[in-house]
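A.B. asks: starting from these lines, generate the structure:
(one chain, ligands or ions: 1)
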Amino acid sequence: MRIGFLAMSGIRAHDPELLALGLTLPGFVERSRAIASLPSLGLLYLAACTPRGHDLEYFEAEGDGSEPRAVYSCDLVAISTFSAQVFEAYAIADRLRAAGVLVAMGGLHVSVLPSEAAAHADYVIVGEGEAVWPSVVDTAARRGQPATFRASDCAPVDVATLPVPQYDLLGSRPYNRFTVQTSRGCPWRCDFCASTVMLGQRYRKRRVADVVRDIEAIMQVRRRPFIEFADDNTFVDKTWGKELCRAIAPLRIHWFTETDISVADDPELLMLMRESGCRQVLIGLESPSGGPLQGVEARSNFKKRTADRYVEALRRIQAAGVTVNGCFILGLDGHTPTIFEEVLAFARAVPLYDVQITIMTAFPGTPLYERLQREHRILAPGRWDLCTLFDVNYEPRGMSARELKEGIYWLTERLYSDECTDFRRRGFFGAVRRAQRPRAVLC
Ligand code: B12
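C.D. replies: Next comes the predicted model:
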């Protein structure tokens, strides 16, 4: 068979006022550009797990959500779904099937709502794809059944046996970053989180040597790649994290990752991160003060417990020469209209090199979604296209939906203005200069 892997990249948002602001604000545009084009790591893993004897091709949907013509030459097309683009993905799947092409859909959204997807796909896959994909391909080759495949019916994916994602399928497309996973999952259970944790497996670290192997595979197709670790929380285990940094340092790459605030507690780890090329860590702070974080993380109230130390911890990370992209979720149940000024003041006080503000979003399958649904607070149920992190689709508790939107516009204008961006970045460089950084021992 000729098998196509169709990724849908780019950023989604609908609110016209926010979009208009975003187009003109430097800090906002910069981050969007950096991430707007990332290849789909999930599909590259599937390609690597495809049984031999098939022709494989990787496609990207166009910016307007349409599919390239060439995808119609495939016998089977694998599509990966996030909630925000799932209606575009269903429309593509419908057109492909009408033309006689078999469609398999997987990913975070359809893993939660397989029966919704079944109306649009020949095969729907629930959970991690690697172990189950070969059966999907074999079934499709004989145009057979069943239609729904569950990862839980196979042996759990052992991250120690993950193959090298097929980066070679990407050709010469102009990606500005390449993704690699060092771990899957996260030990924390935040009620809003719709990441890998949705796929049903516990937190797992990969072998450091395998991560190095994957980066080297990227270096075969791009000489000096910028690497984004597509992890939920990279540095949960500090000892393993140091081993990882020591191993990737000789590759002389620059990299970015997502982790939690506890990296600040280990000065040696921070030095190793910096020396091995870490340019930025993205940290979900969610709220500048602890009150609204009560109960947001269900396992041990991690976010609430650590919020009092945020300012000092963030300063320590940045003084080590690693920039922080501090992320805030606006519209948590404990937030009132003063939150917008609080976030602005916090970002300037640290000061944060980058800041990401998003709107509380109830992704299907999350505890947050269940709760808001129970409380009849979802404004337009089933509007998955509004799961962009930039659109309001629920009734906030401490303010009105209108106040939340207007507060975001107000904050966006100030936070990403030239003046505020310069102020925050000068603050970062000043702190690095002031810190006497001893060099870490790399090996
Ligand atoms: C990299 C990334 C992106 C890249 C995606 C590149 C791409 N083409 O895939 C970019 C920057 C484009 C992006 C965009 C967006 N993203 Co994003 N992104 C991520 C990130 C950081 C990592 C995803 C990843 O690579 N995971 C690793 C791979 C291996 O896992 P996977 O994709 O889930 O694939 C596995 C399984 O799902 C399954 N599978 C997946 N697809 C298929 C298909 C088939 C046929 C089969 C069999 C199996 C299968 O098998 C795979 C291997 O096990 C996650 C956060 C995180 N830490 O997970 C957010 C995340 C996925 N993004 C999110 C969001 C909200 C967005 C945006 C809506 C933001 C916006 N406003 O625009 C857009 C979506 C627009 C779009 N184009 O779809 C949410 C999605 C939540 C949800 N349930 O929908 C996440 C979880 C972050 C969050 N805040 O919660 N994102």
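A.B. asks: which residues does the residue of the stretch 201-350 of the chain found nearest the ligand contact?
C.D. replies: The stretch 201-350 of the chain approaches the ligand most closely through Ala230 (3.5 Å), counting by C-beta to the nearest ligand atom. (C-beta placed from N, C-alpha, C; glycine too.) Going by C-beta atoms under 8 Å, 6 or more residues apart in numbering, Ala230 touches 41, 179-181.
A.B. asks: could I get those residues as CSV with distance to the ligand?
C.D. replies: Converted to CSV, the contacts of Ala230 look like this (distance: C-beta to the nearest ligand atom, whole Å):
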residue, distance to the ligand
Leu41, 4
Thr179, 5
Val180, 9
Gln181, 6
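A.B. asks: which of the residues you listed tops the neighbour count?
C.D. replies: Among the contacts of Ala230, Val180 has the most neighbours (other C-beta atoms under 10 Å), with 27 neighbours.
A.B. asks: next up, phi/psi of that one, please.
C.D. replies: Note on Val180: its backbone torsions stand at phi -140, psi 140 [degrees, to the nearest 10].
A.B. asks: if you drop the residues flanking it in sequence, what lies closest to it?
C.D. replies: Nearest residue to Val180, sequence neighbours excluded (C-beta to C-beta, 6 or more residues apart in numbering): Asp214, at 4.9 Å.
A.B. asks: hmm, back to that, tell me the pLDDT at the closest residue to the residue of the stretch 201-350 of the chain closest to the ligand other than its chain neighbours?
C.D. replies: Using C-beta to C-beta, 6+ apart and skipping residues adjacent in sequence, the residue nearest Ala230 is Thr179, 4.1 Å away. Thr179 is assigned 96 on the pLDDT scale.
A.B. asks: for the residue in the stretch 251-400 of the chain that the ligand sits nearest to, what are its contacts?
C.D. replies: Residue of the stretch 251-400 of the chain nearest the ligand, by C-beta to the nearest ligand atom: Thr388 (3.8 Å). Residues near Thr388 by C-beta under 8 Å, 6+ apart: 12-14, 84, 361.
A.B. asks: again, but for Val164
C.D. replies: Applying C-beta under 8 Å, 6+ apart, the residues contacting Val164 are 48, 213-214, 217.
A.B. asks: out of these, which are buried?
C.D. replies: Buried members of these, scored by 16 or more other C-beta atoms under 10 Å, are 48, 214, 217.
A.B. asks: in three-state terms, label the spatially closest residue to the first one that is not a sequence neighbour for me.
C.D. replies: Residue nearest to Ala48 in three dimensions, not counting chain neighbours: Pro163, with 4.1 Å by C-beta to C-beta, 6+ apart. Going by DSSP: H, G, I helix; E, B strand; the rest coil, the secondary structure assigned to Pro163 is coil.
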